[in-house]
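Peer 1: 3D, please:
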Amino acid sequence: MSKAKWTVMVLMGGNNVDGEIDLSACAKSDLAEMKQCGSKKDVLNIVVQIDDGPKEGGPRRIQIMPRGEHEVVHPLANGKGSSGDPSVLRDFLRWARKYPADHYLLVLWGHAYRLAFNRDPKNTEGLDFIRLAEEIDQTNTNGDKLDIVAFDSCNVSLIEAAYQLRNSARLMVASQFSDPLPGWPYKEILSRIASDPEGFSGHKGPKEFARLIVSQFVRHYTRKNHVTMTALDLSLLDQIPGALTRLSNELLSLLGDHDELAAFRDSFQRAQVPGPDEAGQPSVDLISLCWHLIHSSQSPDVAVAAAALSDLLFFPGDGNGSGNNPFVVAHARNDLVVAMLQGVSIFAPNVVSDESYIDLRSKYGQLELAKSTPWADLVFELAEPD
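Peer 2: Take a look at the predicted model:
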C-alpha cells in the first residue's frame, strides 16, 4: 500500500447510555460527510471504527474509499467494539496504522462526561485521559507521536488532558464548550486536505491542519450555536506544573484571609466556562482566571504568580513575548456567550453547586498534572460546603 500524506482515524461512540442524547443519527450524518470527501490515493486515508448500537449494525470498522466508490466494512467479531473500552482503542489504532502516512490524526468522537468520554452501555465509566494516553503510547512506534489527537466532543480543551497527552501527540484540538450536533463539518475539513496536500504536509503540516479544523468548525456554525475550538502545542507544557504550583500555593496560603478568599472566589466564578444551562461547567478558563486574579487580588505574590502562568500560556516559546511559538496555536469563537474563553480550561469543581463533582477527587488525583501540583488541594477545598 502506498504512503499517503495523512491518515485520519476516527473512533465514533454512538452507542450511549440511557439518559444521554442518542448520537446514532449524528454518526450516520458524519459518515456521509466523510464519504462525500472520500480518501484520495497517496494523499488521504480515512478509516473509522463506529459503535452505534445493534440496531444500526453494531461495532464495525470502515475504510472510506475514494469518492464514488463504496467503503469497505469490517464487522467486528462477537460485537466487540465498545468505544469506551481502552483495549478497543488500542486494536483500532493498530489496524488504522496499516494505512501508512507521513502524518496521523486521531479523532475521539462522542459524549464527554466527568473527565472521560465515549461512555456506552458496555462501559459506563468511559475512556479517561490516563487510559487514552497509555493506549496511544502502546501503538506509537519508535518513540514517535501522533501528529494530532482531537476531540469531536464537548468541554475537552482542558490543561489536564493536554498535559496527560503531551508524550502521545504533538498537538491537541478540542473545544472548551458544548459542541452542537452533529459536530465537525467533516466534508469541509477533509476536502481541503485532499485538494491541497502540499499545504498540509511536511514539518508545518500538522499545525496547518490543526488551524484548519479550528477555523472550519467555527465558520460552519451560525451564531445561534455558540461554538469555540482550540489547537494546543503539547510540546510546550514542561513549565506549566511549576507555574501552576506557584499560583496554587499562593492561593492556598490565603484561605484564612476573608477578603482575599472572597476576591479569588469571585475570580473563579467570573472565569467559569459556560454550559448549556445556568449551572455552567465545573471548569474555568485558565487565562481568564489569571487575568481576574491579577486585577482583583491585593497580594502582589498572587498577581505575579498569575501573570507568570498567563505568560506561559501565551508566550512559552522564546520567552520574550513575541508569541512566535505559542502554546495556544489557534483559537476561535463566534459570539459573546463564549467571548471570555481564551482556549484552555482547568477543572474547578468549586464553581458549580453540584457536590457530585467532589466525588471525582480520587479519579482526578491520578492525572499527571494533579500529581505534579497542589491544584486539587485548592479547588476541592473550595468546593467543600461551608
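
Peer 1: Now the host helix or strand of residue 261: average pLDDT?
Peer 2: In the assignment (DSSP states H and E), residue 261 maps to helix 258-270. In this model, helix 258-270 carries a mean pLDDT of 95.

Peer 1: for whatever helix or strand comes next after that helix, packing partners?
Peer 2: Going down the chain from helix 258-270, the next helix or strand is strand 283-285, by DSSP H and E. Contact partners of strand 283-285 among helices and strands, from 3 or more CB pairs under 8 Å, 6 or more residues apart in numbering; DSSP states H and E: strand 345-347. The way it works is simple: take the backbone N, C-alpha and C, and place the C-beta from them, glycine included.

Peer 1: How far does the strand it packs on sit from its chain's centre?
Peer 2: 11 Å (CA atoms, centre = their mean, to the nearest Å).

Peer 1: Would you mind naming the residues that bridge with residue 332?
Peer 2: residue 229 (DSSP bridges).

Peer 1: Check the burial of it by counting its neighbours.
Peer 2: 18 (other CB atoms under 10 Å).

Peer 1: Which pLDDT value goes with it?
Peer 2: So, for residue 332, pLDDT stands at 93.

Peer 1: gap between it and residue 216?
Peer 2: As judged by CB to CB, to the nearest Å, residue 332 and residue 216 stand 10 Å apart.

Peer 1: ok, now residue 24?
Peer 2: For residue 24, the distance to residue 216 - CB to CB - is 24 Å.

Peer 1: Tell me where the stretch 201-350 of the chain has helices.
Peer 2: In the stretch 201-350 of the chain, the segments counted as helices under DSSP state H, counting those that start in this stretch are 205-220, 240-252, 258-270, 286-296, 300-314.

Peer 1: buried sites along the shortest one?
Peer 2: Of the residues in helix 286-296, those buried by neighbour count under the rule 16 or more other CB atoms under 10 Å are 286-294, 296.

Peer 1: circling back to that earlier point, what would the helices of the stretch 201-350 of the chain look like in a markdown table with distance to residue 1?
Peer 2: Listed next are those as a markdown table, based on distance: least, CB to CB, whole Å:
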| stretch | distance to residue 1 |
| --- | --- |
| helix 205-220 | 20 |
| helix 240-252 | 39 |
| helix 258-270 | 52 |
| helix 286-296 | 42 |
| helix 300-314 | 41 |
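
Peer 1: domain assignment for this protein?
Peer 2: 4-220, 240-319+336-383 (automatic domain parsing).

Peer 1: Mean neighbour count, the ones you listed: which tops it?
Peer 2: When the domains of the chain are scored by mean count of other CB atoms under 10 Å, the highest mean neighbour count falls to domain 4-220 (a mean of 20).

Peer 1: Now do that domain: distance from first to last residue.
Peer 2: End-to-end distance for domain 4-220, by CA to CA, to the nearest Å: 27 Å.

Peer 1: quick one: low-confidence parts of the stretch 151-300 of the chain?
Peer 2: Residues of the stretch 151-300 of the chain meeting the criterion pLDDT under 70: 223.
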